[in-house]
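# Sequence and computational prediction follow.
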Amino acid sequence: QMQMVESGGGLVQAGGSLRLSCAASGRAISVYAMGWFRQAPGKDREFVARITWNGGATTYTDSVKGRFTISRDTSLNTVYLQMNSLKPEDTAVYYCAADTTYGGTGRSPSEYKYWGQGTQVTVSS
């Protein structure tokens, strides 16, 4: 089993920044990629960003390109999401997730096996 714990959420004004962290622990599991998703009230969980664990290749949803940056520290088993120029529409619960299977687009929640509990991000206008 793999445990993942997010941190770094909070309340910020529009235009501000937050950095989310996700620390993975538990028995050694081969992870192909790590992703960030978000879910606003009444909406489906949506893909935000993804990074492959070994090569560090990144993918973003269009609405966050140029504003968000995903990174990872393999020595700490931690993935980060730096969020700049935040907008009210970025308000959501943010989840990190681990994909243990090679292949796929990485944009569907069903591709990820392990999930964190989520951290709330609220952007005020």
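Sure, I can see it. Please read these numbers as outputs of a predicted model, since none were measured by experiment. Residues are numbered from 1 along each chain as shown.

# Give the rounded mean pLDDT of stretch 74-94.
For stretch 74-94, mean pLDDT rounds to 96.

# Do I have it right that residue 117 meets residue 6?
Yes. Applying CB atoms under 8 Å, one finds residue 117 in contact with residue 6, separated by 6.8 Å. Backbone N, C-alpha and C define where each C-beta goes, glycine included.

# of the two, who's got more company?
Between residue 117 and residue 6, residue 6 has the larger neighbour count (other CB atoms under 10 Å), namely 22 against 11.

# So what are the sheet partners of whichever strand or helix holds that one and their directions?
Applying DSSP states H and E as the criterion places residue 6 in strand 2-7. When pairs are called by DSSP bridges, strand 2-7 turns out to pair with strand 18-26 (antiparallel).

# How about the residue nearest to the spatial centre of the chain: which residues does it bridge to?
Nearest to the mean C-alpha position of the chain, by CA atoms, centre = their mean, lies residue 36 at 1.9 Å. Under the criterion DSSP bridges, residue 36 forms beta bridges with residue 49, residue 96.

# List the buried residues of stretch 37-47.
Neighbour-count burial for stretch 37-47, counted by 16 or more other CB atoms under 10 Å, picks out 37, 38, 45, 47.
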